[in-house]
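Peer 1: Got a predicted model here, sequence first, then my questions.
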There are 4 protein chains.
Amino acid sequence: MRERPALQVPAPRRPDRRGAILAAALREFAANGYSGARIERIAAAAGVNDRLIYYYFGSKEALYLLTVENAYEDLNRAEGKLALGSLPPREALAQVVKFTWRYYLEHPEFITLLNTENLHRGRNIRKSSRVRGLSRPVIAILDSILRRGRRAGEFRRDATTRQVYLAIAALGYFYLSNRHTLSNFLGVDLAAPRQVREWEAFIVDAVQRVAGPGRPGAG
Amino acid sequence: MRERPALQVPAPRRPDRRGAILAAALREFAANGYSGARIERIAAAAGVNDRLIYYYFGSKEALYLLTVENAYEDLNRAEGKLALGSLPPREALAQVVKFTWRYYLEHPEFITLLNTENLHRGRNIRKSSRVRGLSRPVIAILDSILRRGRRAGEFRRDATTRQVYLAIAALGYFYLSNRHTLSNFLGVDLAAPRQVREWEAFIVDAVQRVAGPGRPGAG
Amino acid sequence: MRERPALQVPAPRRPDRRGAILAAALREFAANGYSGARIERIAAAAGVNDRLIYYYFGSKEALYLLTVENAYEDLNRAEGKLALGSLPPREALAQVVKFTWRYYLEHPEFITLLNTENLHRGRNIRKSSRVRGLSRPVIAILDSILRRGRRAGEFRRDATTRQVYLAIAALGYFYLSNRHTLSNFLGVDLAAPRQVREWEAFIVDAVQRVAGPGRPGAG
Amino acid sequence: MRERPALQVPAPRRPDRRGAILAAALREFAANGYSGARIERIAAAAGVNDRLIYYYFGSKEALYLLTVENAYEDLNRAEGKLALGSLPPREALAQVVKFTWRYYLEHPEFITLLNTENLHRGRNIRKSSRVRGLSRPVIAILDSILRRGRRAGEFRRDATTRQVYLAIAALGYFYLSNRHTLSNFLGVDLAAPRQVREWEAFIVDAVQRVAGPGRPGAG
DNA sequence: CATGAATGAGCTTTCATTCAT
DNA sequence: CATGAATGAAAGCTCATTCAT
């Protein structure tokens, strides 16, 4: 009743199309958010046919979810490689700050992806059992550093691990996440290498102050 | 099929449709980002016809730009009312932290709007002469506080006003901006009143430590 | 962020586009069933833009539902014009048969539309309050004829109005609904005028026999 | 993710995949019409891979054609088993009515399949030499019954075999084919056992009246 | 035969936007 | 100003079908 002719171009050497799509999706979702992202653009960037995305992933939403999950998993994996047991607490703390900061710096898509997730009130992440299953090693690592530091009298006792973690993340994330509006507002290009370097030094020090002993202004 | 919301204020001669649209646009853009926002939804929320939006504002983009500009202006106006000249430096600094934090807390749309702007690399803000013209009084205020504090020996000399401002903004903004993914990840509801209260106390103290004198761990 | 240019051709004299779409939809759904029908084909046949269909009717399904409802209503209206009160029962019965038969004959889309509805197990009709509200006058009319006939001893008492109605409908509907496969199978073109005429005569007589007095073969 | 249904018959060497596909196709085409039917659904129901359907049957249309042909052949075979030579004409006629009715009743897919064929104007059946080659024994059988009946003075002479056959088919087919819309319209569930039983009795009697001697109302 | 990969063609639907009245 | 009519452009997705292994 209807006929469908067909042309087929032989694929050379079976490249990793699935991986290419995921990589392109990460960039596209990070650059445009969920609604702004275009399946066709992802396909073009990955060098594949639009329909292949549906073949592999089923829907735009499913692809998005997978992209977010992968991003989380990548961070988790990177955190897992942190080995700071042998460093003195203050130094170890500095390493955690640097690690977090540099991870954000080197994974700008992670930041915009997280922003998109938060725009959607964390809907997808909450649904994802894969994300829920992640251990986020950084928390345990940081906790152990803080304990050691407190025992050594180098860190205060009235700051929780969660608070210190939030401070570390905030100081790094916000600078990068909001760098465009901030650069405009402050009249400096926050993305410039020098600014980036100085900010890293500043927040390493800042976190040490925040975690440090004593009461500010107590004297 | 369409409803017109009751007037809030005892019947002004003609209802402020322009204002209603802008208010609805703020909520819609904040809740859904630029591409996710729907002109039709804005019109419905404002109790007006879609076409009126074009009549008044010309296009979705123009409306968005105006929305962002207004949000910036609102913040600017609020900052302008800060009068901390008479407070001792440490206390004045605490007031700046609280002011910033509470402004974010009470203007959640401001945060998602800024995130959207940053997703678009600040394109619209950069183009806006109105936003460029804003003075952002908080910087001057903070600068004066820091100077006073340094003179009094209460604040360090090697931290710039910009750095302290960024720290203040980061510690408040990030907590709220990312509260959905963070709540999920940390297993606490960061939006709960108690958490919010504790975080305020924590960051007031944190900023004082960051701005404070001496070198951490120097002893 | 995205612009949309526009060209507009001035519409001449405001034709009834809504009506044109409904007429085209009736033909298209009747000719191809629900899944086989194409919105684009309906638009083309009505001489309008595809999107206008969505503007007026919202969705393919809503258009289909409206089409079915209209078809039912048309039949109802036609039945309402039957005025057979003054005819003797046998003659009045013949008129009902002829009316039903000719209605089917002149409204071939009604038949395929009903078949489509039955393919879908009457889903849409059942949902339609508009269809449920129809009186279907033919039943009342037929009932009154049968009563008169029974009183006059011309009709049997052991056949219900519903049964006689079903017989009338069946004998007319099936012939037309299945004429393609039947023509092929019987080796005659059932759509040929002569065949049509003869079948009308046959079923008028047949229904009279079915409604008539006595028991067949009783003698 | 895909399940293979258990074998009905004590494990024949290899399961009859072709037969399973045809059975599933009959159900799918009958339930959804041609355009509404899905190859994937047929494959799933048959417990095979989509591509196997193409391997065996070449295309959706070819599968559909075969399905229709098989349905026709099944009816033909069933008709071939009718042996009514020894019964008195009126009784034999009743048996033909019952046979036809019950065949429809027990093969609901046959009815929707025929409707689909008629929606497509009998295009496929006309093309099928296999269907054209079928003898359709019921016509010959009915013809012989009518002849015997006329000779015995029990049947009228002015009704053709074809007309009587059409009446038989119509009274059975229409009731079942349109039962969904009719049930809705009449306010009775025509599929209820009691209704089904009563309708059988009614049409057996009705056909006897239609084929019977004399002229209705002639007295 | 089984199956993963891939795609042409097209479908319904969305959305911002324009225009005439 | 208000509103019904109308549409360009595209977006996400479906489905039958093919091909290589």
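Peer 2: The structure has been received and is ready for your questions.
Peer 1: Low-confidence regions, chain A specifically.
Peer 2: Within chain A, the stretches with pLDDT under 70 are A:1-14, A:215-219.
Peer 1: Could you pull out the helices in it for me?
Peer 2: In chain A, the helices defined using DSSP state H lie at A:17-36, A:39-46, A:50-57, A:60-80, A:89-106, A:108-119, A:123-127, A:129-132, A:137-151, A:161-177, A:179-186, A:193-211.
Peer 1: how about the shortest one: buried residues?
Peer 2: When you say that, I think you mean helix A:129-132. A:Val131 (16 or more other CB atoms under 10 Å in any protein chain shown). In this view, the C-beta of every residue, glycine as well, is placed from N, C-alpha and C.
Peer 1: who's in contact with the residue nearest to the spatial centre of chain A?
Peer 2: For chain A, A:Phe110 is the residue whose C-alpha lies nearest the centre (CA atoms, centre = their mean; 3.6 Å). Going by CB atoms under 8 Å, 6 or more residues apart in numbering or on different chains, A:Phe110 touches A:Ala30, A:Ala71, A:Asp74, A:Leu75, A:Tyr103, A:Tyr104.
Peer 1: ok, now A:Tyr64?
Peer 2: A:Ala25, A:Phe29, A:Tyr34, A:Ala37, A:Asn124.
Peer 1: One more: A:Arg148?
Peer 2: A:Pro89, A:Ala92.
Peer 1: One more pass at 10 Å, please.
Peer 2: Residues in contact with A:Arg148 (CB atoms under 10 Å, 6 or more residues apart in numbering or on different chains) are A:Leu84, A:Gly85, A:Leu87, A:Pro88, A:Pro89, A:Arg90, A:Ala92, A:Leu93, A:Glu154, A:Phe155.
Peer 1: For the last one, the count of nearby residues, please.
Peer 2: Same thing as A:Phe155. When neighbours are counted by other CB atoms under 10 Å in any protein chain shown, A:Phe155 registers 23.
Peer 1: Distance of the closest residue to it other than its chain neighbours relative to chain D?
Peer 2: Residue nearest to A:Phe155 in three dimensions, not counting chain neighbours: A:Gly149, with 3.4 Å by CB to CB, 6 or more residues apart in numbering or on different chains. A:Gly149 is 51 Å from chain D, where distance means CB to the nearest CB, to the nearest Å.
Peer 1: hang on, isn't A:Gly149 packed against A:Gly212?
Peer 2: Yes: taking contacts as CB atoms under 10 Å, A:Gly149 lies within contact range of A:Gly212: 8.8 Å.
Peer 1: Kindly point out which residues are neighbours of both of those two.
Peer 2: In contact with both A:Gly149 and A:Gly212: A:Arg90, A:Leu93, A:Phe155, A:Arg156, B:Gly217, using CB under 10 Å, 6+ apart.
Peer 1: The third one: what's it in contact with?
Peer 2: A:Phe155 sits next to A:89-90, A:93, A:145-149, A:164, A:208, A:210-213, B:217 when contact means CB under 10 Å, 6+ apart.
Peer 1: The closest residue in space to A:Asp143 that isn't next to it in sequence: what's it in contact with?
Peer 2: Leaving out its chain neighbours, the residue that sits closest to A:Asp143 by CB to CB, 6+ apart is A:Thr161, at 4.4 Å. By CB under 10 Å, 6+ apart, the contact list for A:Thr161 reads A:Ile139, A:Ala140, A:Ile141, A:Leu142, A:Asp143, A:Ser144, A:Ile145, A:Leu146, A:Arg147, B:Leu186.
Peer 1: returning to that earlier point: in TSV: the contacts of A:Tyr64, plus neighbour count.
Peer 2: Formatted as TSV, the contacts of A:Tyr64 follow (neighbours: other CB atoms under 10 Å in any protein chain shown):
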residue	neighbour count
A:Ala25	27
A:Phe29	24
A:Tyr34	21
A:Ala37	21
A:Asn124	20
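Peer 1: will you turn these into TSV that also has distance to A:Ala169?
Peer 2: Formatted as TSV, those follow (distance: CB to CB, whole Å):
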residue	distance to A:Ala169
A:Ala25	25
A:Phe29	21
A:Tyr34	23
A:Ala37	25
A:Asn124	20
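Peer 1: Was I right to think A:Ala83 contacts A:Ile141?
Peer 2: Yes: here A:Ala83 reaches A:Ile141: they are 8.8 Å apart, a contact under CB under 10 Å.
Peer 1: any residues in contact with both of those two?
Peer 2: A:Gln95.
Peer 1: Looking at these two, which one has more neighbours?
Peer 2: Between A:Ala83 and A:Ile141, A:Ile141 has the larger neighbour count (other CB under 10 Å), namely 22 against 9.
Peer 1: Touching, that one and A:Pro89? I think so.
Peer 2: No: counting by CB under 10 Å, A:Ile141 sits too far from A:Pro89 to count as a contact (11.8 Å).
Peer 1: hang on, the earlier thing: can you say which of the contacts of A:Phe155 are buried?
Peer 2: A:89-90, A:93, A:145-146, A:148-149, A:164, A:208, A:210-212, B:217.
Peer 1: Could you check how many residues crowd around the closest residue to A:Ile111 other than its chain neighbours?
Peer 2: If the residues on either side of it in the chain are set aside, A:Ile111 comes closest to A:Ser177, at 5.0 Å by CB to CB, 6+ apart. Applying other CB under 10 Å, we find 26 other residues in the vicinity of A:Ser177.
Peer 1: Okay, A:Ser177 and chain C: tell me how far apart.
Peer 2: Using CB to the nearest CB, A:Ser177 is found at 20 Å from chain C.
Peer 1: right, and that residue touches B:Ser177 too?
Peer 2: Yes: assessed by CB under 10 Å, A:Ser177 is found in contact with B:Ser177 at 7.5 Å.
Peer 1: what is in contact with these two at once?
Peer 2: In contact with both A:Ser177 and B:Ser177: A:Leu114, A:Asn115, A:Ala170, B:Leu114, B:Asn115, B:Ala170, using CB under 10 Å, 6+ apart.
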